[in-house]
Structure formats: structure tokens, C-alpha cells
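*Asks:* pasting the sequence and the predicted model now:
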Amino acid sequence: MTTLWLFILILTTCGFFWYSREIAEAAREHAAQQTEKLNVQLLSVACQKRRIGVLKNGKLGIKSQFQFEFSSDRDTAYKGVLYLENQMLIKVDVPPHRIVD
């Protein structure tokens, strides 16, 4: 019986890791779309927070917060924040930044 519980724990951990990687890929794609829309260069994307919670649709899921860095003039880096529920983008915070033509 202990072996069964250990097996279930290992499978759950692997599943959570796999799904977390899918969410990180979705965040990278959302960040790329945002930087393309703003006409700036994407530098990096990193996870700030990840937790299990109740989503806006009332179901249990993963709420994540990702920070992405971008540059508009190749000298200065700015940090924006993406808020995701599972793989869906909920909100984007973009700081004021210099626009270069």
C-alpha cells in the first residue's frame, strides 16, 4: 500500500511539473505578443508567483504571475507583469517606457 501512495505522489509531482512548464510556455507566448504589440524587444520572462486557487470561473486551478523584461531603446530594461489563470492571460501591467521610432 505504501508503494501505491508513493507512486501516486510521484505521478502527481511529475504532472504538476509538466503542467507548470506548459503554463510557462504560454506566459512566454503572451509576453512575446505584448512586446510585439508595443513594438519593443522582449528580453526575458520569469515566474514570480505560482499557487493553486479558485479561478474566476469558480474552478480550481493555478494562478501565476510572470515578470517579463523588455527594452524600447536597447539601453534601458523595463519590467512588466503578466497575470495568468492556468494558461489564460487575465491582466497585463506595463510600466511607462520610452518610445523610440
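*Replies:* Looks like it came in fine. Numbering: from 1, shown residues only.
*Asks:* buried ones in the strand ranked longest in the chain, by neighbour count?
*Replies:* Of all the elements of type strand in the chain, the one with the most residues (DSSP state E) is strand 41-54. Counting neighbours by 16 or more other CB atoms under 10 Å, one finds that the buried residues in strand 41-54 are 42, 45. Quick note: C-beta positions are derived from backbone N, CA and C, even for glycine.
*Asks:* in the sheet, which strands lie alongside that strand, parallel or antiparallel?
*Replies:* Looking at strand 41-54 with DSSP bridges, its paired strands and their directions are strand 60-71 (antiparallel).
*Asks:* what sits up against the partner strand?
*Replies:* Under the contact criterion CB atoms under 8 Å, 6 or more residues apart in numbering, strand 60-71 has outside partners 19-20, 23-24, 27, 31, 34-35, 38, 40-55, 77-86, 97.
*Asks:* and what of stretch 80-100?
*Replies:* Everything outside stretch 80-100 that qualifies as a contact, by CB under 8 Å, 6+ apart, is 22-23, 26-27, 30-31, 34, 38-40, 48, 55-56, 61-70, 72-73, 76, 78-79.
*Asks:* in PDB, list the C-alpha atoms belonging to it.
*Replies:* Written as PDB, here are the backbone C-alpha positions of stretch 80-100 (Å, rounded to 0.1, in the frame of the first residue of the first chain):
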ATOM      1  CA  GLY A  80       6.100  44.300 -17.000                       C
ATOM      2  CA  VAL A  81       3.900  41.700 -15.200                       C
ATOM      3  CA  LEU A  82       1.600  39.100 -16.700                       C
ATOM      4  CA  TYR A  83      -1.200  37.600 -14.600                       C
ATOM      5  CA  LEU A  84      -2.400  34.100 -15.700                       C
ATOM      6  CA  GLU A  85      -5.100  31.700 -14.600                       C
ATOM      7  CA  ASN A  86      -3.900  28.300 -15.900                       C
ATOM      8  CA  GLN A  87      -2.800  29.300 -19.400                       C
ATOM      9  CA  MET A  88      -5.200  32.200 -19.900                       C
ATOM     10  CA  LEU A  89      -4.000  35.800 -19.700                       C
ATOM     11  CA  ILE A  90      -6.100  37.700 -17.200                       C
ATOM     12  CA  LYS A  91      -4.200  41.000 -16.900                       C
ATOM     13  CA  VAL A  92      -1.100  42.800 -18.000                       C
ATOM     14  CA  ASP A  93       0.800  45.600 -16.200                       C
ATOM     15  CA  VAL A  94       3.200  47.500 -18.400                       C
ATOM     16  CA  PRO A  95       5.200  50.400 -16.900                       C
ATOM     17  CA  PRO A  96       5.600  53.700 -18.700                       C
ATOM     18  CA  HIS A  97       8.500  53.400 -21.100                       C
ATOM     19  CA  ARG A  98      10.300  55.500 -23.700                       C
ATOM     20  CA  ILE A  99       9.000  55.000 -27.300                       C
ATOM     21  CA  VAL A 100      11.700  55.200 -29.900                       C
END
